[in-house]
Each structure stands twice: as structure tokens, then as C-alpha cells.
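>>> I would like to see how this sequence folds:
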Amino acid sequence: MSKVVNGRMTHHHAGELVAFHIGMQINRWWRPDLWIPAFVAMPRMLRELSMDKESGLLGYQLLLGSGGPFVVQYWSSIEKLYAYASAPSQEHRPAWTAFNKAARKAPGAVGVWHETFLVDRAESIYVSTKPMGLVKATEHVAVGKRHERAQSRFVDGRTAASARSEDPSAVR
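Numbers count the residues shown, from 1 in each chain. The predicted structure is shown next:
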């Protein structure tokens, strides 16, 4: 179990960063035969991705929303995210096929959704928390005097991202 990290911490990440939100909305709770297969598919995918250091998954956070479970994932590139989603030999493709087949039998019983964000810049602060979210997926660093305020962390994050996009020799 993670321990609380005392003090003010932020994240550090160089290179492309993708935030991917994916979730399931259970519309008919009384039909577990329809939503349990989708529910149990996600842990298998996360386990598979976490075991493969080259997958591009940097980290994830499991959450519970108003309609059901969802996951916030952090990826090293949009290409790696899409490659995983479409790979027939990986867990996602068969799970997606099975979900679509079940959804046709009982339209509206279970919904799925996702949102993909290519992050140009990001600001974070974690005060006396266990590592979680973006800081757990990237590098956990102490907030220095120069970055005491959210605005300064955000501006520096923008400057670094702008420098990467303007410098063709910058390492991604």
C-alpha cells in the first residue's frame, strides 16, 4: 500500500502525454448478465497493459461515477493507445466485439463511453496525499519556490510543451 507523501508535490513529464477516460454506464442494474462481462473485461486489459512496459500506458486510476465505473488512463502517445485498441491479439479487441454483440441483444442496457485528450500542458498539485493520478503515472517531484502557485506551474508546463513543438530536434 502506498504511503502518504508529506509536503507539496507536483508531476514532471517530458514528451507526449495522452489522457484517456473510459467508462461504463449501467442502465439496467437488474441485468448483471449484460453488464458483468464488460465490467470484468477492464481489469484484464489493465493487467495486460501494466505488464507490458512498451504498451505506452503510463498509469491509471479506477473511479466510480454516477452511472458506473470509469478509468482515467495516462499514455505516452496517441499512436500507442490506438495500436492497443485495434490489436486483434490483445484483450481489448475481443472484449469490444463481445460488448457490441451483447449490446445488439439488449439495446440501452449498458453504455460505454470514452474521451481522449492530447495534453499540451498540465498543472498538478498534491499536498500530503498518496501517489495518485498524474503524479503516479509520471514523475513525482517536490514543488519548488518558483512553482508555489498553480499559474507558475501551468505557465512552465506550457513553455516546455511549446519548446518541444517548436524545436524539431527536441526528443519526444
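>>> give me the most central residue, this structure.
Geometric centre of the chain, nearest residue: Gln73, 1.0 Å, by Cα atoms, centre = their mean.
>>> distance check, the residue of the chain most remote from its centre against Asn27.
The C-alpha centroid of the chain is most remote from Lys105, which lies 30.1 Å away (Cα atoms, centre = their mean). According to Cβ to Cβ, to the nearest Å, Lys105 and Asn27 sit 14 Å apart. The way it works is simple: take the backbone N, C-alpha and C, and place the C-beta from them, glycine included.
>>> so where's the protein uncertain?
Low-confidence segments of the chain (pLDDT under 70): 1, 145-172.
>>> outline the domain layout of it.
5-14+123-166, 18-118 (automatic domain parsing).
>>> next up, the contacts around Asn27.
For Asn27, the contact set (Cβ atoms under 8 Å, 6 or more residues apart in numbering) comprises 67, 108-111.
>>> now, which of the residues you listed sits nearest Ala41?
Val110 (11.5 Å; Cβ to Cβ).
>>> the closest one contacts Gly23, doesn't it?
No. Using Cβ atoms under 8 Å, Val110 is not in contact with Gly23; the gap is 11.0 Å.
>>> ok, the two, which is more surrounded?
Val110 (22 against 19; other Cβ atoms under 10 Å).
>>> strands of this protein, start to end?
5-12, 18-26, 57-64, 69-75, 110-118, 126-129, 139-142 (DSSP state E).
>>> can you verify my assumption that Ala103 contacts Ala38?
No. At 9.1 Å, Ala103 does not count as touching Ala38 under the criterion of Cβ under 8 Å.
>>> by contact count, what packs against the lengthiest helix in the chain?
If you go by DSSP state H, the chain has its longest helix at helix 32-51. In terms of contacts (3 or more Cβ pairs under 8 Å, 6 or more residues apart in numbering; DSSP states H and E), helix 32-51 is packed against strand 18-26, strand 57-64, strand 69-75, helix 92-105, strand 110-118.
>>> one more time with 6 Å
Judged by 3 or more Cβ pairs under 6 Å, 6 or more residues apart in numbering; DSSP states H and E, the packing partners of helix 32-51 are helix 92-105, strand 110-118.
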